[in-house]
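>>> need the 3D shape of this:
(one chain, ligands or ions: 1)
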Amino acid sequence: MAYPVNPAVLQTDIVEHGSTFDHAILDFSASIICQPLPLEKLLTGLELHRYPDSESTAFKSAAAGFTGLKVENILPGSGSSEIFLYLALAYINNESRVGALEPAYGEYRRVTQLAGGTCLTFKLAENNDFKIDLQLLQEWVERERIDVFFLTNPNNPTGQLLKQDDLLQLLAEFPRVLFIIDLAYHDYTGEKLDYRRLTADNVFLVHSLTKNCGLAGLRCGFTSSTAENIMNLNRIRLPWNLNSLAQAAGCWVLENHALCLRKVSELKQEADSLRNFIAGSGYSTIASQTDYFLVKCENPDFIASELLKRGIKVRNTASQGLPGYLRITVKEPEQNLIFRQRWLEICVEIGCNQSLRLNCDKNKIR
Ligand SMILES: Cc1ncc(COP(=O)(O)O)c(C=O)c1O
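Predicted coordinates for the structure are as follows:
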């Protein structure tokens, strides 16, 4: 019999993330840019047999420069996932009522379970294209007596953004609620955030550098808040939590952020174009502020498996609490062209629109 474990562990879902490592599959399920790094330069002088700088000093300076905050306002993380765990350990206990959007990213629920808290969700309305209705959200936070709220902005998988003024209003309205604002996809929106105005006792901003800056494999991110909040979180942080190469690459992407932003904006345009194309094939889609968007399908499993047979992986959002939809994340233009062709083949095969046959020939990839 297994050794008795902390009961909260048994309540916690096991991590499920569906990355594919098969290069024959085009992965339209994950949002990641491919920003080439000057690896030789970054590796020069890195002594990989030695421990990394446990304080990530240079990386914190780069993050402070990037946000216009001070190094005391920055805590590094091996991706934002590590930071969510630290935040849950620091601020959630078995009396906590923890809010999140529905649908949303699943890690908030997992870290809440692990810390013994209760996760409650604010359901986004399909008939409002899953937009975040500020008034309704505020009423809900009040009614449900929420202590901690995880807000993905823009949200995954819906791609909807709560603009900075609305966000500031929400944060000011509930000074006793701790807001953890996940900015993993914010670069796609083109909105310029004023990080100083967003620094408050009841707010942690979580900045991932994995998707928008292409460091998913290296694992890198940070959170920003008031110096006192960061000092408390630092008590939990593991020593050497950012490896040496992640620290060097993190500095580089923050100092060369304009390059990443250019890629991000190209992908956003690709997403708009692919979404229009899919809408033109007779499917209803939801406009998004990011490089992914939702497609409503009667049978998402069937379409996903037909695409997979043709070498394309997409995400069925049922796993995120939204049945009846696929989430499609665009890739580079040539890959998006292949996607169009495969999509049309399926449309023709299931006879959803006979006039597509013509389009299908036009889009043929050889
Ligand atoms: C909304 C959201 N936040 C955070 C993450 C994880 O980011 P990181 O790679 O920085 O841990 C994901 C990953 O899919 C995500 O969708």
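>>> isn't residue 48 right next to residue 244, touching?
Yes: with contact defined as Cβ atoms under 8 Å, residue 48 reaches residue 244; the gap is 6.3 Å. Placement of C-beta: from N, CA and C, glycine included.
>>> more neighbours: which of the two?
Set residue 48 next to residue 244 and count neighbours by other Cβ atoms under 10 Å: residue 244 wins out with 19 against 9.
>>> lowest-scoring secondary structure element of the chain by mean pLDDT?
helix 356-362 (a mean of 48; mean pLDDT, DSSP states H and E).
>>> dump the residue contacts of the closest residue to the ligand within the stretch 1-150 of the chain.
Residue of the stretch 1-150 of the chain nearest the ligand, by Cβ to the nearest ligand atom: residue 79 (2.9 Å). Shown in contact with residue 79 (Cβ atoms under 8 Å, 6 or more residues apart in numbering): 208, 210, 216, 219, 220, 221.
>>> I'd assumed residue 211 was in contact with the fifth one.
No: checked against Cβ under 8 Å, the pair residue 220 and residue 211 is beyond contact range at 11.0 Å.
>>> which of those two has more neighbours?
residue 220 (30 against 25).
>>> pLDDT score for that one?
What the model reports for residue 220 is a pLDDT of 98.
>>> how about residue 366?
So residue 366 comes in at 35 (pLDDT).
>>> before we move on, what about residue 23?
At residue 23, pLDDT is 85.
>>> go through the top helix by length along the chain and flag the buried ones.
Secondary structure of the chain read by DSSP state H shows that its longest helix is helix 257-280. Buried residues in helix 257-280, counted by 16 or more other Cβ atoms under 10 Å: 257, 259-261, 263-264, 267-268, 270-271, 274-275, 277-278.
>>> helices or strands up against it?
strand 285-286, strand 292-296, strand 325-329, helix 333-349 (3 or more Cβ pairs under 8 Å, 6 or more residues apart in numbering; DSSP states H and E).
>>> can you get me a residue count around the nearest residue to residue 82 once chain neighbours are set aside?
Nearest in space to residue 82, with sequence neighbours left out and distances taken as Cβ to Cβ, 6 or more residues apart in numbering, is residue 241 at 6.5 Å. Per other Cβ under 10 Å, the neighbour tally for residue 241 reads 18.
>>> pull the contacting residues for residue 241.
54, 56, 76, 77, 78, 82.
>>> and it, how close does it get to residue 250?
12 Å (Cβ to Cβ, to the nearest Å).
>>> what residues do these two have in common as contacts?
What both residue 241 and residue 250 touch, as defined by Cβ under 8 Å, 6+ apart, is the set 56, 76.
>>> I'd like the contacts of residue 79 as TSV, with secondary structure and distance to the ligand appended.
Shown next, in TSV, are the contacts of residue 79 (DSSP: H, G, I helix; E, B strand; the rest coil; distance: Cβ to the nearest ligand atom, whole Å):
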residue	secondary structure	distance to the ligand
208	strand	3
210	coil	3
216	coil	6
219	coil	7
220	coil	8
221	strand	5
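>>> how about those in CSV, adding distance to residue 202?
As requested, those are exported to CSV (distance: Cβ to Cβ, whole Å):
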residue, distance to residue 202
208, 21
210, 26
216, 30
219, 28
220, 26
221, 21
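>>> related to what we said a few turns ago, now the buried residues of helix 257-280 in a markdown table, with pLDDT and distance to residue 304?
As requested, the buried residues of helix 257-280 are exported to a markdown table (pLDDT from 0 to 100; distance: Cβ to Cβ, whole Å):
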| residue | pLDDT | distance to residue 304 |
| --- | --- | --- |
| 257 | 97 | 34 |
| 259 | 97 | 33 |
| 260 | 97 | 29 |
| 261 | 97 | 31 |
| 263 | 96 | 26 |
| 264 | 96 | 26 |
| 267 | 97 | 21 |
| 268 | 97 | 23 |
| 270 | 97 | 20 |
| 271 | 97 | 18 |
| 274 | 98 | 16 |
| 275 | 98 | 17 |
| 277 | 97 | 18 |
| 278 | 97 | 14 |
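>>> tell me the one of these nearest the ligand?
Nearest to the ligand out of the buried residues of helix 257-280 is residue 260 (Cβ to the nearest ligand atom; 14.1 Å).
>>> so which residues on the stretch 101-250 of the chain come close to the ligand?
Counting by Cβ under 6 Å from any ligand atom, the stretch 101-250 of the chain comes close to the ligand at 105, 152, 156, 182, 184, 208, 210, 216, 221.
>>> from residue 186, how far out is the second one?
What that stands for is residue 152. Distance, residue 152 to residue 186, by Cβ to Cβ: 10 Å.
>>> could you do the third one as well?
Residue 156 sits 11 Å away from residue 186, going by Cβ to Cβ.
>>> okay, the two: which has more neighbours?
Taking neighbours as other Cβ under 10 Å, residue 156 and residue 186 compare with residue 156 leading, 25 against 22.
>>> give me the element the closest residue to the more buried one other than its chain neighbours is part of.
Once flanking residues are discounted, residue 156 sits nearest to residue 105: 5.0 Å by Cβ to Cβ, 6+ apart. Element membership of residue 105, judged by DSSP states H and E, is empty: it is in no helix or strand.
>>> confidence score at the closest residue to residue 193 other than its chain neighbours?
Leaving out its chain neighbours, the residue that sits closest to residue 193 by Cβ to Cβ, 6+ apart is residue 164, at 5.9 Å. Residue 164 carries a pLDDT score of 98 in this model.
>>> quick one: residues contacting residue 47.
Taking Cβ under 8 Å, 6+ apart as the criterion, residue 47 is in contact with residue 244.
>>> now it: how far from residue 325?
Distance, residue 47 to residue 325, by Cβ to Cβ: 48 Å.
>>> need the contact list for residue 133.
Applying Cβ under 8 Å, 6+ apart, the residues near residue 133 are residue 125.
>>> alright, that wraps it up for me.
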